[in-house]
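Peer 1: starting from these lines, generate the structure:
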Amino acid sequence: MAERFGGEPTWLDSYAAESPAEFFAVTCEAYFVNRQRFAQDFAALAELFDEFFKTNRPLAQ
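Peer 2: The predicted structure follows:
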């Protein structure tokens, strides 16, 4: 969608836009694969996931 309107494509899989369940699956994968970038791009959601998954580890510097 971003590419359609001249924006930068997201690094998340576009399948996340298919349904709430797919959004959850795709964002969970992104959270665990690259938590630092996920937290940078989606800070509020990263905080929710930290609580949901009981993540207490600091971000890698």
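
Peer 1: which residue packs closest to Trp11, ignoring adjacent ones?
Peer 2: Arg37 (7.2 Å; Cβ to Cβ, 6 or more residues apart in numbering). Every C-beta, even on glycine, is put in place using the N, C-alpha and C of the backbone.

Peer 1: mind checking the SS state of the one you found?
Peer 2: Here Arg37 is helix, with the state taken from DSSP: H, G, I helix; E, B strand; the rest coil.

Peer 1: please determine how far it is located from Ala46.
Peer 2: 10 Å (Cβ to Cβ, to the nearest Å).

Peer 1: which one's more surrounded, the two?
Peer 2: Legend: neighbour count by other Cβ atoms under 10 Å for Arg37 and Ala46, higher for Ala46 (21 against 14).

Peer 1: so where does the more buried one fall, helix or strand?
Peer 2: According to DSSP states H and E, Ala46 maps onto helix 43-52.

Peer 1: elements contacting that helix?
Peer 2: Here helix 43-52 touches helix 20-33, helix 35-41, going by 3 or more Cβ pairs under 8 Å, 6 or more residues apart in numbering; DSSP states H and E.

Peer 1: which residues does it contact?
Peer 2: The contact list for helix 43-52, computed with Cβ atoms under 8 Å, 6 or more residues apart in numbering, reads 27-28, 31, 35, 38-39, 55-56.

Peer 1: let's go with 6 Å and repeat that
Peer 2: 31, 38-39 (Cβ atoms under 6 Å, 6 or more residues apart in numbering).

Peer 1: how much space separates the residue nearest in space to the middle of the chain from Gly6?
Peer 2: Residue closest to the average C-alpha location in the chain (Cα atoms, centre = their mean): Thr27, at 4.0 Å. According to Cβ to Cβ, Thr27 stands 24 Å off from Gly6.

Peer 1: can you check Leu45 too?
Peer 2: Counting by Cβ to Cβ - Leu45 and Gly6 are separated by 25 Å.

Peer 1: for the two, indicate the residue with more neighbours.
Peer 2: Higher neighbour count among Leu45 and Gly6: Leu45, with 15 against 6, using other Cβ under 10 Å.
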